[in-house]
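[1] Fold the following.
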Amino acid sequence: MYSLEYLQVLAGTQTPVVVLGLKNGDEVLKEAACCGDNLLDAVFKAVNKMTDINAKFIECSLKVLMKGRDMMAEAVIHIAVNGGKSIGRGTSKDIVEASTKAYLAAVNNLNGNKNSHRGKGFPANCNR
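    Prediction:
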């Protein structure tokens, strides 16, 4: 199962960039840096690159679970790979981290589904 080791984002009025590191069980994978049309696009490209799963982002919903200093964000992400679909959920005090965790959960759910497979349907690169 993939899990987030670290996440660094650079956002502003120019092209957003993310650098992230993943773990697969006890194995620490190499980091990936990607740019995208927005922060989540860059995150999803980086995850696809590192997991060799060429998922297509379908939908994302975000909501705040608590208000004030204890605010927690919840993200629910829907993805598809070669006809298989998956949903993941993630929470964090940061919406980008919550979305990253949700995307990884969807990838992990897809990997756990014996009817799905690591696809080659979408190019996993970080080019815009």
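[2] Report how many residues lie close to K63.
    11 (other C-beta atoms under 10 Å). Backbone N, C-alpha and C define where each C-beta goes, glycine included.
[3] Return the distance of the lowest-mean-pLDDT helix or strand in the chain from the chain's centre.
    The helix or strand of the chain with the lowest confidence, counting by mean pLDDT, DSSP states H and E, is strand 27-28 at a mean of 86. In terms of C-alpha atoms, centre = their mean, to the nearest Å, the centre of strand 27-28 is set 17 Å apart from its chain centre.
[4] Ok, stretch 5-19 next?
    13 Å.
[5] Next: stretch 50-61.
    7 Å.
[6] Please report how far E97 lies from A33.
    Distance, E97 to A33, using C-beta to C-beta, to the nearest Å: 17 Å.
[7] which ones are touching A75?
    60-62, 89-91, 95, 98-99, 101-102 (C-beta atoms under 8 Å, 6 or more residues apart in numbering).
[8] Count the residues that sit near P16.
    Counted with other C-beta under 10 Å, P16 comes out at 20.
[9] how near is the nearest residue to it once chain neighbours are set aside to S3?
    Counting by C-beta to C-beta, 6 or more residues apart in numbering, P16 lies nearest to L39, which is 4.7 Å off, once chain neighbours are set aside. L39 sits 20 Å away from S3, going by C-beta to C-beta.
[10] higher neighbour count, those two?
    Remark: of L39 and S3, L39 carries more neighbours, 19 against 12, as counted by other C-beta under 10 Å.
[11] quick one: pLDDT of that one?
    pLDDT for L39: 92.
[12] Now the phi/psi pair for it, please.
    phi -60, psi -40 (degrees, to the nearest 10).
[13] what does A55 give?
    Dihedral angles (degrees, to the nearest 10) for A55: phi -80, psi 150.
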